[in-house]
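Chemist: I'd like to go over a predicted model; first the sequence, then the structure.
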Amino acid sequence: AAEAGVSVAVIEKMPFLGGNTLISGGGANIPGTPQQEEMDIDDSPELHKEQTLEAGDYRGCPELVEVVTENALDIYELWEELGVEFEDYAFQIFGGLYPRAVTTGTDPGGEPYIEALSSRAEELDVSIYLETEAVELLREEPLSGNVYGIRAEDEDGDEVTFNAEAVVMATGGFAGDADMRQRFDPRLGPELGDTNQAGADAEGILMAQDIGAATVGMDYIQGLASVTQDVTIIQPGLVIYVNHDGERFVDEGGRRDHMFDGVLDQEGQEAWVVADATLAEDYPPGDDALKADSLEELAEKMDVPAENFIETVENFNSYVADEYDPEFGREALETKIDTPPFYADLGQPLLHHTMGGLRINTEAEVLDRRDSVISGLFAAGEVTGGIHGTNRVGGNALTEIAVFGQIAGRSAAEFVLD
């Protein structure tokens, strides 16, 4: 929007910029990158679109998904122009279903994106107000007319009004809001943690609903199956999940919602993530991970039946050799688990992403409950719904928020300048 020549202010309730992107792993699905070409990976926006729609049980809007996949490579090139540096390989991110992810390779992985965008915003004289919380969208009439700004509270609790000819909402999802998520899925109570930064709640969605905005897919809430601090899950081909009986129960390289539901069904709603030295070469486990020189020793430390556990691992290794998993249909069969030392860490599912949110069109305009455009209101990112369907493909979020972020900014500027 600033590049188009309009005056822009960013209102951020947290004391820092970046939202969930800042703390993300940094992986983004982009079909057609130089990394894929170098690795002879055949890909296309059309394949990316079809896999995204299928993974979301065709509940995502095809037009919105097409916008994301067709513009993904342009976003990658924009990121590079802004100074984001990527690793020289493409890979299949956890829950990503295909080797089309690129990564910054940093920790946290999202920091380079925010640094690049913040620097560009500074160059364009964008005004940024931190610790300033939006509390109300201003509209000429409660359910009609133009949106003309917001009412906010600054860090001292004083009321501040920002008059604006257009408003872009990028307030994120609500995975961190136990009341909201449990309203749509009773299983997801406050006892479950989440991976989100502290600002990820339902406030933005509720503000938009107050002026008539429609929502879509609010009951589509994604968790991560077994998040641990000590054995990584980013590379699905390098680990297996086992329960307290020492048995696998899910395709570890499959859809995130299937893995999440699988862990919820296990005793204690938890599972062991198991790997061997192959993973440790690139992703060293933390000090708290269990470590053993044999599967028998590892089973003893995990307190699972050794016979079951050893049979489970041996069966899995045979599936890798045969390149076929008859139990769960896993396709990510990169390596056997047969090289000591062996590692395991117990993890519980965490809430991660909310696929539902404000209903938008392909121009990032927010729609009301009659599918009419709310004049002057635009939205992008996890605050919106209708793109991912029932299940977000791993690696699609950063691509989607950047594509629709750019569209929202351009649309808002066109609205102001028209």
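Modeler: Right, received. Where do you want to start?
Chemist: just how off-centre is the helix or strand containing residue 352 within its chain?
Modeler: When elements are assigned from DSSP states H and E, residue 352 belongs to strand 342-354. Relative to its parent chain, strand 342-354 has a centroid offset of 15 Å by C-alpha atoms, centre = their mean, to the nearest Å.
Chemist: now that strand: mean pLDDT?
Modeler: In this model, strand 342-354 carries a mean pLDDT of 91.
Chemist: before we move on, what about stretch 62-69?
Modeler: In this model, stretch 62-69 carries a mean pLDDT of 98.
Chemist: For burial, what's the neighbour tally of the residue nearest to residue 298 when sequence neighbours are not counted?
Modeler: Among residues not flanking residue 298 along the chain, residue 292 sits closest, at 3.8 Å (C-beta to C-beta, 6 or more residues apart in numbering). C-beta here means a position set from N, CA and C on the backbone, and glycine is covered the same way. By the criterion of other C-beta atoms under 10 Å, residue 292 has 17 neighbours.
Chemist: what residues are up against residue 292?
Modeler: Listed by C-beta atoms under 8 Å, 6 or more residues apart in numbering, the contact set of residue 292 reads 298, 300-301, 340-342.
Chemist: any idea how far residue 300 is from it?
Modeler: For residue 292, the distance to residue 300 equals 8 Å [C-beta to C-beta, to the nearest Å].
Chemist: Next: residue 69.
Modeler: 48 Å.
Chemist: Specify which residue of those two has the higher count of neighbours.
Modeler: More crowded of residue 69 and residue 300, by other C-beta under 10 Å: residue 69, with 25 against 14.
Chemist: that's a helix at that one, yeah?
Modeler: Yes - per DSSP: H, G, I helix; E, B strand; the rest coil, residue 69 lies within a helix segment.
Chemist: what sits against it?
Modeler: 31, 45-46, 48-49, 52.
Chemist: got the contact list for residue 340?
Modeler: Neighbouring residues of residue 340 by C-beta under 8 Å, 6+ apart: 276-277, 292-294.
Chemist: Counting only helices, which of these make the cut?
Modeler: Per DSSP state H, helices hold the following members of the contacts of residue 340: residue 277.
Chemist: For the contacts of residue 340, work out which two are farthest apart.
Modeler: 277 and 294 (12.6 Å; C-beta to C-beta).
Chemist: Name the residues contacting each of the two.
Modeler: Common contacts of residue 277 and residue 294, defined by C-beta under 8 Å, 6+ apart, comprise 340, 342.
Chemist: and the longest helix for the chain?
Modeler: Max-length helix for the chain by DSSP H is helix 396-417.
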